[in-house]
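Q: Sequence plus the predicted model coming up.
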Amino acid sequence: MISSRRRLRAKFTRVVSNQSVTYLVGACLGVLGIVVFCMFVLAPAITAYRRPLERVAVVILSAYVLAAMVGAGIVLGALIIVEWPRVF
C-alpha cells in the first residue's frame with residue numbers, strides 16, 4: 001500500500017522553478033492590486049457623479065493616479081535593486 005502511494009505521488013509531482021513561482025506571485029499581486037484599486041478608488045469615484053461626462057473624466061483621472069502609483073513603485077523597486085548591495 002505504501003509503494004502505491006509513493007508511485008501515485010511521484011506521478012503527480014512536478015518541479016516548478018523559482019522563476020515560475022516569482023512570475024506567478026507577481027501576476028497574482030498585479031491582478032489583486034488592480035481589483036483593490038477598482039474597489040476602493042474607481043468605484044466610489046464613479047458613483048459620486050451622475051453625468052456621463054463627469055464619470056468619464058473621473059475614470060481618466062483615476063487612471064492617471066494609478067499610473068503615478070505604478071511609476072512610483074517602479075522607481076522605488078529600482079532604487080531597492082540598485083542600493084541593495086551597498087546596504088546589505
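A: Thanks, I have it. Numbers count the residues shown, from 1 in each chain.

Q: C-alpha from now on. contacts and neighbour counts both.
A: Will do.

Q: Pick out the residue nearest the middle of the protein.
A: Closest residue to the average C-alpha location of the chain: Gly30 at 1.3 Å, with Cα atoms, centre = their mean.

Q: Which element, helix or strand, includes that residue?
A: Per DSSP states H and E, Gly30 falls inside helix 18-37.

Q: Flag the shaky bits of this structure, pLDDT-wise.
A: 1-13 (pLDDT under 70).

Q: buried residues in the top helix by length along it?
A: Longest helix in the chain by number of residues (criterion: DSSP state H): helix 52-87. Neighbour-count burial for helix 52-87 flags Arg55, Val58, Val59, Ser62, Leu66 (criterion: 16 or more other Cα atoms under 10 Å).

Q: Relative to Leu42, how far out is Ala48?
A: Using Cα to Cα, to the nearest Å, Ala48 is found at 10 Å from Leu42.

Q: between those two, who's got more neighbours?
A: Between Ala48 and Leu42, Leu42 has the larger neighbour count (other Cα atoms under 10 Å), namely 20 against 11.

Q: Could you pull up the residues touching that one?
A: Val58, Val59, Ser62 (Cα atoms under 8 Å, 6 or more residues apart in numbering).

Q: From Val58, how far out is it?
A: According to Cα to Cα, Leu42 and Val58 sit 8 Å apart.

Q: what touches both of those two?
A: In contact with both Leu42 and Val58: no residue, using Cα under 8 Å, 6+ apart.

Q: between the buried residues of helix 52-87, which is closest to Val35?
A: Leu66 (11.9 Å; Cα to Cα).

Q: ok, so what distance separates that closest one from Leu24?
A: Per Cα to Cα, Leu66 is found 22 Å from Leu24.
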